[in-house]
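A.B. asks: any chance you could fold what I've pasted below:
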Amino acid sequence: MSETRVALVTGSATGVGRACAVRFAPQGFDVVVNYPGTDREEAEETVLLVKEQGSEALLVNTM
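C.D. replies: This next block holds a predicted model:
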């Protein structure tokens, strides 16, 4: 049985949150990228960075 590890990183559109999201990805975690309503473009960039590391990413708006 295979388990999928998932990290939920709040505020992961930019800064420390983004760095954490990208850091989880190569460690085998799929990442939920959580962002406030105003940071969609930045959050989408975080999703791309996570996917470049070979992990899945889910984009969630908290507004």
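
A.B. asks: buried sites along stretch 56-63?
C.D. replies: Buried residues in stretch 56-63, counted by 16 or more other CB atoms under 10 Å: Ala57, Leu59. C-beta: built from backbone N, CA, C; applies to glycine.

A.B. asks: quick one: mean pLDDT for it?
C.D. replies: Mean pLDDT, stretch 56-63: 92.

A.B. asks: so, low pLDDT: which residues of this structure?
C.D. replies: Along the chain, the model assigns pLDDT under 70 to residues 1.

A.B. asks: show me which helix runs longest in it.
C.D. replies: Criterion DSSP state H: the longest helix present in the chain is helix 40-52.

A.B. asks: for that helix, packing partners?
C.D. replies: Applying 3 or more CB pairs under 8 Å, 6 or more residues apart in numbering; DSSP states H and E, we find helix 40-52 packed against helix 15-24, strand 29-35, strand 57-61.

A.B. asks: how about that helix, which residues are buried there?
C.D. replies: Buried residues in helix 40-52 (16+ other CB under 10 Å): Glu42, Ala43, Thr46, Val47, Leu49, Val50.

A.B. asks: distance between that helix and the chain's centre?
C.D. replies: Here helix 40-52 is found 7 Å from its chain centre; the criterion is CA atoms, centre = their mean, to the nearest Å.

A.B. asks: for stretch 11-18, same thing?
C.D. replies: Distance, centroid of stretch 11-18 to centroid of chain: 8 Å (CA atoms, centre = their mean).

A.B. asks: what do you get for stretch 30-48?
C.D. replies: On the basis of CA atoms, centre = their mean, stretch 30-48 is displaced by 7 Å from the centre of the chain it belongs to.
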